[in-house]
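[1] coords please:
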Amino acid sequence: MKIPGTYVGKWRITHMDQWDQDFVDLVTTGHVTIRKDGTGGFQLGAVQGEMDCRIEDLGAGPLLGFTWDGSDECDPASGRGWVKVKGNQMDGHLFFHLGDDSAFTAKRLK
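    Numbers count the residues shown, from 1 in each chain. Purely as a prediction, here's the structure:
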């Protein structure tokens, strides 16, 4: 699935409701990457995920929904999430399967 250019690129996570910035940047700068082919990835704290993205419209305008699979401190982890983009700001929500969730904000890097 081709993803609109509005979403494509690397985004720096600048805020999460559930975790402070020191945790977000624990291993490397917290980030989300979305590719035009519908794949992507993210890193926050010790959590790394590979994303499968789709454009969805649930009645409140289009958004990018995704599922993810990865690890949290080397333990398997997975979940889902969504993002909306306005200009160079991304707002979204990340969910861990049967676990935590957090809203987040990110700024476009490239």
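[2] Can you show me the strands along this protein?
    Counting by DSSP state E, residue ranges of the strands within the chain are 9-16, 31-34, 39-44, 47-57, 62-72, 75-86, 89-96, 101-108.
[3] contacting residues around the first one?
    Here strand 9-16 makes contact (CB atoms under 8 Å, 6 or more residues apart in numbering) with 21, 24, 29-34, 42, 44, 90, 102-110. C-beta here means a position set from N, CA and C on the backbone, and glycine is covered the same way.
[4] Find the residue at the geometric middle of this protein.
    The centre of the chain sits closest to residue 32, judged by CA atoms, centre = their mean, with a distance of 5.0 Å.
[5] what residues are up against that one?
    Residue 32 touches 10-11, 13, 40-42, 83, 90, 92, 106, counting by CB under 8 Å, 6+ apart.
[6] if we go to 6 Å?
    The contact partners of residue 32, by CB atoms under 6 Å, 6 or more residues apart in numbering, come to 11, 42, 106.
[7] Top of the residues you listed by number of neighbours, please.
    For those, the largest number of neighbours (other CB atoms under 10 Å) sits with residue 11, at 27 neighbours.
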